[in-house]
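Undergrad: Can you look at this prediction? I've put the sequence above it.
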Amino acid sequence: MKKTAIVSLTAALFWAVTIPSFAEDIDTPDPNVDTNAYIGSSQNYDGKVRGKSYATTSNTKMTKLTVQGTFYQSGNKKESGSSSTTKRNSEATWYTKDGVYSDSGSYSLNTASRTYFSGGKYAQDYASDSWG
């Protein structure tokens, strides 16, 4: 009987500790984030394309929003980068180099965003685009 009581007490303590920490995750995922990937014609160079990774959130509990982009040409990674903002409703934006990539090529852009909340929690979101 003692072993059963100890096991029951241990299980009760386990759930008492884990349930509050699970409840802290309630802000994830971020329902207010808008994450985008875009590959389009360059505005500065004829016959060239450029990629843009960007994200915004209106979440009032955010402390930082980070966006990361990875750009591929014919399946080979060409460049990557990131940008962040600490302002709500402000766009975090990363661009590929301009004037480098021919519009006759085949490209893809993967974008990931992270919304950080106070206490160290974060939410992730993804988008992608392709050209050619």
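TA: Thanks, I have it.
Undergrad: can you map out the strands along this protein?
TA: When secondary structure is read from DSSP state E, the chain shows strands at 33-41, 48-57, 62-73, 76-85, 92-95, 101-102, 107-117, 122-131.
Undergrad: Please identify the deepest-packed of those strands.
TA: The highest mean neighbour count among the strands of the chain, using mean count of other CB atoms under 10 Å, belongs to strand 48-57: a mean of 23. Where C-beta positions appear, they are placed from N, C-alpha and C, glycine not excepted.
Undergrad: Note down every partner strand of that one and its orientation.
TA: strand 33-41 (antiparallel), strand 92-95 (antiparallel), strand 101-102 (antiparallel) (DSSP bridges).
Undergrad: show me where pLDDT drops low in this protein?
TA: 1-28 (pLDDT under 70).
Undergrad: so who does the spatially most central residue of the chain touch?
TA: Most central in the chain under CA atoms, centre = their mean is Ser113, positioned 1.5 Å from the mean C-alpha point. By CB atoms under 8 Å, 6 or more residues apart in numbering, the residues touching Ser113 are Val33, Thr35, Ala55, Leu65, Thr66, Val67, Gln68, Ala92, Gln124, Asp125, Tyr126.
Undergrad: what bridges to the closest residue to it other than its chain neighbours?
TA: Spatially, and ignoring its direct neighbours in sequence, Ser113 is nearest to Ala55 (3.8 Å; CB to CB, 6 or more residues apart in numbering). Beta-bridge partners for Ala55, by DSSP bridges, are Thr35, Ala92.
Undergrad: and Ala55, what does it touch?
TA: Ala55 touches Val33, Asp34, Thr35, Asn36, Leu65, Val67, Glu91, Ala92, Thr111, Ser113, Asp125, counting by CB under 8 Å, 6+ apart.
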